[in-house]
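# just a sequence and a predicted model for now, questions to come.
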Amino acid sequence: MLQENHKITATQDILDFIVGKTAEDTNLRIEKLVSIIKADRKAVEAERTFCRAPKKCINNI
């Protein structure tokens, strides 16, 4: 589900984190994790876009 729907590779650590006691709990945890990862990916992409000036951001990448 993580890979197919969200392109997130589910490691054992991720599964340990998201699998809850019920399917509903697990789905809520998945959605929370996905929102965190999407926000992080968006921030990284914004940083890349901002860092088009080579010398300005070379140490930040």
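That came in fine, so what should we check first?
# and Ile8, how many residues sit next to it?
If you count neighbours by other CB atoms under 10 Å, Ile8 ends up with 17. No exception for glycine: its C-beta is placed from N, CA and C like everyone else's.
# so what's it up against?
Counting by CB atoms under 8 Å, 6 or more residues apart in numbering, Ile8 touches Leu2, Ile14, Leu33, Val34, Ile37.
# which ones among the residues you listed map onto helices?
Leu2, Ile14, Leu33, Val34, Ile37 (DSSP state H).
# quick one: residues contacting the first one.
The reference is to Leu2. If you count contacts by CB under 8 Å, 6+ apart, then Leu2 has Ile8, Thr9, Ala10, Ile14, Ile30, Val34 around it.
# quick one: contacts of stretch 14-21?
Leu2, Ile8, Thr26, Leu28, Arg29, Ile30, Leu33.
# any of the residues you listed buried? List them.
By neighbour count, with 16 or more other CB atoms under 10 Å, those hold Leu2, Ile8, Ile30, Leu33 as buried.
# give me the distance between Ala39 and Thr22.
Per CB to CB, to the nearest Å, Ala39 is found 26 Å from Thr22.
# what does His6 give?
20 Å.
# what segments of this structure are strands?
With DSSP state E as the criterion, the chain has no strands.
# where does the prediction get shaky in it?
By pLDDT under 70, the low-scoring segments of the chain are 51-61.
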